[in-house]
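J.: sequence unknown, structure follows:
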Ligand code: F6R
């Protein structure tokens with residue numbers, strides 16, 4: 001794991017966007033894994049700025065999102081489809097045939113998950129995957145206890161995650177109870193991982209993921225097994241780490 005502790009959220013975001021941009025300049029047909037939530041927003045803003053100001057070209061990029069809520073259609077305001085549209089896709093020159101997000105309204109969820117995995121495979125695999133971390137150590141919506149070898153599938157959301165995400169919904173009851181999520185095995189096949197975390201509410205999860213034992217109870221701890229995993233966190237999120245360098 002390569003650990004970078006930045007002074008603040010903006011520096012974390014610039015660093016992550018810089019890595020993605022560098023990979024994209026080398027490989028214009030980059031396959032980019034994306035996350036939703038508040039953490040990667042600064043990274044997305046930085047990528048949009050680089051697209052506008054430096055002509056960073058996304059026309060040959062393929063994207064795969066980590067997850068989507070079951071029961072929310074693509075136009076639902078709280079769906080991850082809408083989130084990505086608003087915060088990234090509409091601002092870039094992506095070829096929309098190649099922006100993949102699982103369909104929360106799929107009739108046959110299992111078949112849809114298999115199809116999603118197949119699309120990742122057909123794209124040649126994810127080159128670089130952006131990740132956030134839940135306060136409970138979840139990766140995508142692989143909640144504590146998820147199989148470390150899991151593939152894209154439907155998962156129930158923990159009460160803690162539903163409470164955390166209720167800030168985007170009218171009430172806790174409105175938060176879906178299930179999601180389609182890439183599996184931990186799927187995520188681990190990406191050639192590079194970038195885990196982002198910001199703020200003191202993530203400090204325990206970051207410590208457990210980076211310095212704790214590898215365990216399904218802290219799904220993000222599996223990143224210790226990845227050969228090219230960046231952990232980019234700001235100072236408050238790094239506050240409980242006892243080591244400040246990991247090579
Ligand atoms: C979202 C996702 C989640 C979030 C995590 C942190 O696609 O996969 O694992 O990354 O819940 O969310 P924020 O960034 O809102 O703290």
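T.: Happy to help now that I have it. Predicted model only: the values in this text are computed from it and were never measured.
J.: Tell me the residues of this protein that contact the ligand?
T.: The chain has residues 35-39, 66-67, 132-134, 138, 140-141 near the ligand, with proximity defined as C-beta under 6 Å from any ligand atom. For every residue, glycine as well, the C-beta is placed using N, CA and C.
J.: So among the residues you listed, which ones count as buried?
T.: 35, 36, 37, 39, 66, 67, 132, 133, 134, 138, 140, 141 (16 or more other C-beta atoms under 10 Å).
J.: which residues sit in contact with the first one?
T.: Under the criterion of C-beta atoms under 8 Å, 6 or more residues apart in numbering, the neighbours of residue 35 are 65, 66, 130, 131, 132, 140, 196.
J.: Now for the residue in the chain that the ligand sits nearest to: which residues touch it?
T.: When distances are taken as C-beta to the nearest ligand atom, the chain reaches nearest to the ligand at residue 132, 2.3 Å away. For residue 132, the residues meeting the contact criterion (C-beta under 8 Å, 6+ apart) are 35, 37, 39, 40, 195, 196, 197.
J.: packing partners for the longest helix along the chain?
T.: For the chain, the helix reaching the highest residue count under DSSP state H is reported as helix 9-26. Helix 9-26 is packed against strand 2-6, helix 41-54, strand 128-131, strand 192-197, strand 229-234, with contacts defined by 3 or more C-beta pairs under 8 Å, 6 or more residues apart in numbering; DSSP states H and E.
J.: Tabulate the ones you listed in CSV, adding columns for distance to residue 111, mean pLDDT and mean neighbour count.
T.: Compiled in CSV, the helices and strands packed on helix 9-26 are given as follows (distance: least, C-beta to C-beta, whole Å; pLDDT from 0 to 100; neighbours: other C-beta atoms under 10 Å):
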stretch, distance to residue 111, mean pLDDT, mean neighbour count
strand 2-6, 38, 97, 18
helix 41-54, 31, 98, 18
strand 128-131, 24, 99, 26
strand 192-197, 28, 98, 24
strand 229-234, 31, 98, 24
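J.: The ones you listed: which one's closest to residue 13?
T.: Smallest distance to residue 13 across the helices and strands packed on helix 9-26 (C-beta to C-beta): 2.9 Å, for helix 41-54.
J.: Look up the closest residue to the residue of the chain closest to the ligand, ignoring the ones flanking it.
T.: What sits nearest to residue 132 in space, not counting adjacent residues and going by C-beta to C-beta, 6 or more residues apart in numbering, is residue 39, at 4.1 Å.
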